[in-house]
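Participant: Okay, here's the prediction I keep looking at, along with the sequence it came from:
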2 protein chains.
Amino acid sequence: MDIIIARFESLEESKQHTIRQAALEEFAVHGYKKASTNRIVKAAGIGKGMLFYYFTSKQELYEYLVKYSLEFIQSRYLDRVDAGEPDLIERLTQLARLKMEAQAENEEVFKFSAVFLQEGETHLPKELAAKIEELKQSGYQLMYEGIDQSRFRKDADPEKVFHLIRWSIDGYQQELLARLTGQKLAEIDFAPYWEEFYAYLAILKKSFYETEEESR
Amino acid sequence: MDIIIARFESLEESKQHTIRQAALEEFAVHGYKKASTNRIVKAAGIGKGMLFYYFTSKQELYEYLVKYSLEFIQSRYLDRVDAGEPDLIERLTQLARLKMEAQAENEEVFKFSAVFLQEGETHLPKELAAKIEELKQSGYQLMYEGIDQSRFRKDADPEKVFHLIRWSIDGYQQELLARLTGQKLAEIDFAPYWEEFYAYLAILKKSFYETEEESR
DNA sequence: TTTAAGTCGACCAGGGTGGTCTAATTGCGT
DNA sequence: ACGCAATTAGACCACCCTGGTCGACTTAAA
């Protein structure tokens, strides 16, 4: 099989990209079972024969895409996070910024990953399923580990404050993404949104962190 | 057509319910196009002929379900909200509680409504599309209108505080629903969750509302 | 000119589709 | 007890789309 995938990998990058994006989108929208190889080749602008020349089967194509996505998310997103940052808001801001950047670079990968994370081990060899679990774990740690909760206001359960801050930031991110549907992420000037975002963060800090002027 | 749907409506309620739930679930999971009438009749335990005896076509079945869901959401959820409540947290709490109750009563309706809200006007006569728009509008008003923002802390943009509180509450609700997947909502004792929820609300109030003891 | 890699899309068998129809059963009015 | 109409089941239909194959054709290198 590697012999065959090699055929795909020795294509010029732009062609690989076209095919990959078409396939990622098809699987992202329809899931494994209902994805259609016919639609993929049409969207990619290649003949049916080529897809099965590059990949022996739908299954193999799917596995290739999962592998590709895992590597992309790892290298373009998770690896760039500074896990040493103890301040929750700083950490989440970093996560948000890096995720947004990675998403702007290849939105389909993230949409597709939502699908295979949800579809689970079906259609996948355990070797790949294990890698997915690894990634999940890794993401979880990046979000929850090594946060200094002593900065939160003392009159509230820090665990809960932690969650409230996370939900707030997720909420903003989600709403922004919804507001931006239809536009190409890569072409958007995010500066004003980051400004807006920082205004929200300032309120979060004022509200949930121990205030410095308390000794007045 | 009404003549034909009447056949369905004069069935005994429990049978109507079985068929309706099977159809709601099928459309909720697969969307209009990919939903299968074969799977519906199998899940409902009736013969193929019956479905097209009660409803002339897949299309008509779909429209019936949309109509049913709109009425359900309106009467079992939106109509029960007290739009006079000016306190944001109270209002959102009410919304959350009523939605949870309605969802426990018929979860499929909510899953299905997510689908037809997203699929939009496709497969629907404008008359029904208009009703959907009405419902959206109505829900929007219930969430945003008549809120007294003067209760928020004065040192932050009330608009932003408003959003932060909403995102927090949505976040909790979403996470709870995720934690509870697989269980029958109707069989769950929500008491401990409400307690937890109120603890979050207390923190939100402490953090985002004008504190009463500021004049100390 | 020969050879081999690359490319295409018509084609295949199989399975699923929404919808129809026949034939059997049931229930009711008499 | 009879007959008629309402109800029911599922075999069946023509059609469409599926993943995958294959032979014909082009290109490029040797």
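Facilitator: Okay, I see it. Residues are numbered from 1 along each chain as shown, chains lettered A, B, ... in the order given.
Participant: going forward, measure contacts and count neighbours with C-alpha atoms only.
Facilitator: Noted.
Participant: Excluding chain neighbours, give the residue nearest to A:Asp148 in space.
Facilitator: Leaving aside its sequence neighbours, A:Asp148 sits nearest to A:Pro86 (CA to CA, 6 or more residues apart in numbering or on different chains; 5.1 Å).
Participant: any idea whether that neighbour is helix, strand or coil?
Facilitator: Here A:Pro86 takes the coil state, with states given by DSSP: H, G, I helix; E, B strand; the rest coil.
Participant: That one reaches A:Tyr144, doesn't it?
Facilitator: No. Assessed by CA atoms under 8 Å, A:Pro86 is found out of contact with A:Tyr144, at 10.2 Å.
Participant: How about the contacts made by A:Asp87?
Facilitator: Applying CA atoms under 8 Å, 6 or more residues apart in numbering or on different chains to A:Asp87 gives the contacts A:147-148, A:151.
Participant: go again using 6 Å as the cut-off
Facilitator: A:Asp87 is in contact with A:Asp148, counting by CA atoms under 6 Å, 6 or more residues apart in numbering or on different chains.
Participant: Distance of the residue nearest to the spatial centre of chain A relative to A:Gln103?
Facilitator: In chain A, the centroid-proximal residue (CA atoms, centre = their mean) is A:Phe110; its distance is 4.4 Å. A:Phe110 sits 7 Å away from A:Gln103, going by CA to CA, to the nearest Å.
Participant: ok, now A:Leu164?
Facilitator: Distance from A:Leu164 to A:Gln103, by CA to CA: 24 Å.
Participant: Then A:Lys126?
Facilitator: Taking CA to CA, one finds A:Lys126 at 27 Å from A:Gln103.
Participant: okay, those two: which has more neighbours?
Facilitator: A:Gln103 (19 against 11; other CA atoms under 10 Å in any protein chain shown).
Participant: tell me the SS of the more buried one?
Facilitator: In terms of secondary structure, A:Gln103 is helix; the call rests on three-state DSSP.
Participant: Return the distance of it relative to chain B.
Facilitator: Per CA to the nearest CA, to the nearest Å, A:Gln103 is found 22 Å from chain B.
Participant: pLDDT at that residue, what is it?
Facilitator: Note on A:Gln103: pLDDT of 95.
Participant: How about A:Ala6?
Facilitator: You'll see A:Ala6 listed with a pLDDT of 80.
Participant: Tell me how many other residues surround the residue lying closest to it once chain neighbours are set aside.
Facilitator: Excluding the flanking residues, the one nearest A:Ala6 by CA to CA, 6+ apart is A:Tyr54, at 7.8 Å. For A:Tyr54, the number of neighbouring residues by other CA under 10 Å comes to 19.
Participant: do the same with A:Glu26
Facilitator: Residues near A:Glu26, counting by other CA under 10 Å, number 21.
Participant: mind checking how far the residue in chain A that DNA strand C sits nearest to is from chain B?
Facilitator: Using CA to the nearest atom of the strand, A:Gly49 is the residue of chain A that sits closest to DNA strand C, at 2.9 Å. Distance from A:Gly49 to chain B, counting by CA to the nearest CA: 27 Å.
Participant: Next, the buried residues of whichever helix or strand that residue is part of.
Facilitator: Assessed by DSSP states H and E, A:Gly49 sits inside helix A:48-54. Going by neighbour count (16 or more other CA atoms under 10 Å in any protein chain shown), the buried part of helix A:48-54 is A:51, A:54.
Participant: how far is that helix from where the chain is centred?
Facilitator: The chain centroid and the centroid of helix A:48-54 are separated by 29 Å under CA atoms, centre = their mean, to the nearest Å.
Participant: And DNA strand C, is the next helix or strand after that helix touching that?
Facilitator: Moving toward the C-terminus from helix A:48-54, the next helix or strand (DSSP H and E) is helix A:58-76. No. Using CA under 7 Å from any atom of the strand, helix A:58-76 stays clear of DNA strand C, with a minimum separation of 14.3 Å.
Participant: Let me know the pLDDT of A:Glu214.
Facilitator: Among the per-residue scores, A:Glu214 shows a pLDDT of 49.
Participant: A:Arg179 too?
Facilitator: Looking at A:Arg179, its pLDDT is 95.
Participant: hang on, the earlier thing: and the helix holding A:Gly49, what other elements does it pack with?
Facilitator: helix A:2-9 (3 or more CA pairs under 6 Å, 6 or more residues apart in numbering or on different chains; DSSP states H and E).
Participant: so, in contact with DNA strand D or not, the helix it packs on?
Facilitator: No. Shown here: helix A:2-9 not in contact with DNA strand D (CA under 7 Å from any atom of the strand), separated by at least 12.2 Å.
Participant: And the next helix or strand past that helix?
Facilitator: Taking DSSP H and E, what comes next after helix A:2-9 is helix A:13-34.
Participant: So which bits of the helix or strand that comes right after that next one are buried?
Facilitator: Tracing the chain C-terminally past helix A:13-34 and defining elements by DSSP H and E, one meets helix A:37-44 next. For helix A:37-44, the buried set under the neighbour-count rule, 16+ other CA under 10 Å, comprises A:37, A:40-41, A:43-44.
Participant: likewise stretch A:111-122?
Facilitator: Here stretch A:111-122 shows A:111-113, A:115-116, A:121 as buried, counting by 16+ other CA under 10 Å.
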